[in-house]
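Peer 1: Have a look at this fold, sequence not included:
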């Protein structure tokens with residue numbers, strides 16, 4: 001199964017992308033953001049990570065081991 005990591009998944013574009021990918025149901029998702037998701041059903045794929053903190057970002061990426069990274073964080 002394809003693993004997709006999304007930075008900024010709690011923003012406007014990220015929320016809509018996460019929603020679309022969840023509806024498709026053919027991938028595993030991890031959303032990294034400092035803000036909580038706007039949609040409560042997205043909390044199970046959300047992890048609070050500040051992408052400016054290199055070590056915590058690296059740990060999150062290495063633990064999830066994504067096939068793709070979609071960077072939407074500002």
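Peer 2: The structure has been received and is ready for your questions. Model, not experiment: these values are computed from the prediction.

Peer 1: Can you give me the buried ones in stretch 31-50?
Peer 2: By neighbour count on 16 or more other CB atoms under 10 Å, the buried set for stretch 31-50 is 31-33, 37, 42, 45-46, 49. C-beta: built from backbone N, CA, C; applies to glycine.

Peer 1: any idea of the mean pLDDT in that stretch?
Peer 2: On average, the pLDDT along stretch 31-50 is 97.

Peer 1: quick check: longest helix of the chain.
Peer 2: When the chain is parsed with DSSP state H, its longest helix is helix 12-24.

Peer 1: list the helices and strands that one packs on?
Peer 2: strand 2-7, strand 27-33 (3 or more CB pairs under 8 Å, 6 or more residues apart in numbering; DSSP states H and E).

Peer 1: Recalculate using a threshold of 6 Å.
Peer 2: strand 27-33 (3 or more CB pairs under 6 Å, 6 or more residues apart in numbering; DSSP states H and E).

Peer 1: could you give the angle of the strand it packs on to strand 2-7?
Peer 2: Orientation check (axes from the mean of the first three to the mean of the last three CA atoms, to 10 degrees): strand 27-33 against strand 2-7 gives 10 degrees.

Peer 1: What lies in contact with strand 27-33?
Peer 2: 1-10, 18, 21, 45-47, 49, 60, 64 (CB atoms under 6 Å, 6 or more residues apart in numbering).

Peer 1: And those residues, which of them are buried?
Peer 2: Among these, those scoring as buried are 4-10, 18, 21, 45-46, 49, 60, 64 (criterion: 16+ other CB under 10 Å).

Peer 1: Report back the residue of this structure that's furthest from centre.
Peer 2: Note on the chain: the largest separation between a C-alpha and the mean C-alpha position, by CA atoms, centre = their mean, falls on residue 55 (16.9 Å).

Peer 1: That residue should be in a strand, yeah?
Peer 2: No - read with DSSP: H, G, I helix; E, B strand; the rest coil, residue 55 is helix and lies in no strand.
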